[in-house]
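Engineer: I'll drop the sequence and a predicted model, then ask my questions.
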Amino acid sequence: MTFSLNTGRLVLEDLAEHDLGDLTRMARDRDVMRYVLVWLEDDEQIEAFLRRGIDEAKRNDRISYMLAARVPKTGEFAGLTFLEIDPGSRSTGEVGIVLMKDYWSRGYAEEILRAYLSFGFETLGLHRVFGKCDEENHPSARLMERCGLQYEGTIREHVWLRDHWRSTRYYGMLAAEYTTLPP
């Protein structure tokens, strides 16, 4: 059975074998991948990433929800999303969103993030949900702030990715903060 979440205009559902072409197209788009802190540089990495998502969906003790974002009526691939629970601290989850360019600046990322916050806090009973972004990715930082995540700090130049050292901004929300957000 495929897991899915609805966001309003999108459905988030488990990755499947047929997503390989869309993941490859996404990984090859330099604009889409500019700030993404995931290594999808070659076919082997892309295939391994897809296989990990498919295998994780089959686990009884699932801690990773690597979901494709799709347009419900057409099935069009809008992007890749995830909520991963920390295996060392099952009360914490990390969210991430990578959308294809056609879905930028149209409110889709906010729908996805809000759906994951609801799922993480209300369904999974998480204590903390966090997200991170490259320090130069201002739209992602604003998105997390708009959804109520608090800036927690920056890890400076901790990873070399593609062409330079990357610094990462962290944002988080606690369950008590989620329950006090206005609808």
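Structural biologist: Yes, it's here. None of the values given here were measured: they were computed from a predicted structure.

Engineer: for the rest of this, base every contact and every neighbour count on C-alpha atoms.
Structural biologist: OK.

Engineer: which secondary structure elements does the lowest-mean-pLDDT helix or strand in the chain sit against?
Structural biologist: Between all helices and strands in the chain, the lowest mean by mean pLDDT, DSSP states H and E belongs to helix 30-33, at a mean of 90. Helix 30-33 sits against helix 20-28, strand 92-99, with contacts defined as 3 or more CA pairs under 8 Å, 6 or more residues apart in numbering; DSSP states H and E.

Engineer: buried deepest among these, which one?
Structural biologist: strand 92-99 (a mean of 21; mean count of other CA atoms under 10 Å).

Engineer: for the very next helix or strand once past that one, C-alpha coordinates in CSV please.
Structural biologist: Sequence order places helix 108-118 as the next helix or strand after strand 92-99, per DSSP states H and E. Extracted in CSV, the C-alpha atoms of helix 108-118 (Å, rounded to 0.1, in the frame of the first residue of the first chain):
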residue,chain,number,x,y,z
TYR,A,108,3.4,24.8,-3.2
ALA,A,109,6.3,24.6,-0.8
GLU,A,110,4.3,26.2,2.0
GLU,A,111,1.5,23.7,1.5
ILE,A,112,4.0,20.8,1.7
LEU,A,113,5.8,22.1,4.8
ARG,A,114,2.5,22.7,6.6
ALA,A,115,1.4,19.2,5.7
TYR,A,116,4.6,17.7,7.1
LEU,A,117,4.3,19.8,10.3
SER,A,118,0.8,18.5,10.8
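
Engineer: in helix 108-118, which residues are buried?
Structural biologist: 108, 109, 110, 111, 112, 113, 114, 115, 116, 117 (16 or more other CA atoms under 10 Å).

Engineer: give the buried residues for the least confident helix or strand of the chain.
Structural biologist: Neighbour-count burial for helix 30-33 [16+ other CA under 10 Å]: 32, 33.

Engineer: for the record, mean pLDDT for the next helix or strand after that helix?
Structural biologist: Once the chain leaves helix 30-33, the next helix or strand it forms, by DSSP H and E, is helix 43-57. Confidence for helix 43-57, expressed as mean pLDDT, is 94.

Engineer: before we move on, what about stretch 60-69?
Structural biologist: 94.
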